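# test case, fold it:
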Amino acid sequence: MKISILPVGMYQENVYVVHQDGHVLIVDPGGHPEIIASDISAEETVEAIVLTHGHQDHVNAVDALVKKYGCPVYLHQDDFPLVDPDHYRMHAFATGLHAKITPMESSIDVNGFHLDVLETPGHTQGCVCLLMQDVMFSGDTLFYGSIGRTDLSDSDPEKMKESLQKLMALETDYHVLPGHGPSTTLLEEKKNNPYLSGRYGI
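Predicted coordinates:
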């Protein structure tokens, strides 16, 4: 398995392109679909786009990529309002999508890939972390040394606290691939991230 990391946009959001035996999974395509497509060969098949949450800097390239590859898109249903073309203007950092969106269940199985979905609301109502083998795509829930914002209209600090407790309870030392910034490990964050250790409040 190979994972390409493609920072895009003004917020340098990390797009992850996962390659495995001719199959491709795209996580959080936040913009610049041409850059994302350039990482995918003509011999590979894009099986799905998976979104950790619905903010625009994580979804802006979805429609263009679906038009090109015809793949399904998965998002937690609690974040559907953020991508609803008729209602997204009521929410911060939202944008309307026209691609068909499939609601996430507790796991996602597409050709060549299995992901477990860990619900981690707080940054948004539908934030998730995606677990695949020893990798965690943490979106804007967990960063290197920090966490996602909880001061937005769709955020909830109390839910974020509960979500961080879920991460603390995980026993696997996942390689954490966040929505922004450098990669880290879950053990590193348990030891040194002040939000996980309780040294900072939210």
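# please save the CA atoms from the biggest helix by length in the chain in PDB.
Determined from DSSP state H, the single longest helix within the chain is helix 157-169. Provided in PDB are the C-alpha atoms of helix 157-169 (Å, rounded to 0.1, in the frame of the first residue of the first chain):
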ATOM      1  CA  PRO A 157     -16.600  21.400  22.600                       C
ATOM      2  CA  GLU A 158     -18.300  18.800  24.800                       C
ATOM      3  CA  LYS A 159     -18.600  16.300  22.000                       C
ATOM      4  CA  MET A 160     -15.000  17.000  21.100                       C
ATOM      5  CA  LYS A 161     -13.900  16.100  24.700                       C
ATOM      6  CA  GLU A 162     -15.800  12.800  24.400                       C
ATOM      7  CA  SER A 163     -14.200  12.100  21.000                       C
ATOM      8  CA  LEU A 164     -10.700  12.700  22.400                       C
ATOM      9  CA  GLN A 165     -11.500  10.200  25.100                       C
ATOM     10  CA  LYS A 166     -12.400   7.700  22.400                       C
ATOM     11  CA  LEU A 167      -9.000   8.200  20.900                       C
ATOM     12  CA  MET A 168      -7.300   7.900  24.200                       C
ATOM     13  CA  ALA A 169      -9.000   4.500  24.700                       C
END
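# residue 101 pairs with what?
On the basis of DSSP bridges, residue 101 is bridged to residue 73.
# now do the helices in this protein.
33-37, 56-59, 62-69, 80-83, 157-169, 186-192, 194-197.
# against which helices or strands is the fifth one packed?
Yep, that's helix 157-169 we're talking about. helix 186-192, helix 194-197 (3 or more Cβ pairs under 8 Å, 6 or more residues apart in numbering; DSSP states H and E). Where you see a C-beta, it was placed from the backbone N, CA and C, and this is true even at glycine.
# mind listing what's buried in the first one?
Looking back up the chat, that one is helix 186-192. For helix 186-192, burial by neighbour count (16 or more other Cβ atoms under 10 Å) applies to 186, 189.
# who touches that helix?
Contact with helix 186-192 is made by 136, 142, 144-145, 167-168, 170, 172-174, 176, 196-197, as judged by Cβ atoms under 8 Å, 6 or more residues apart in numbering.
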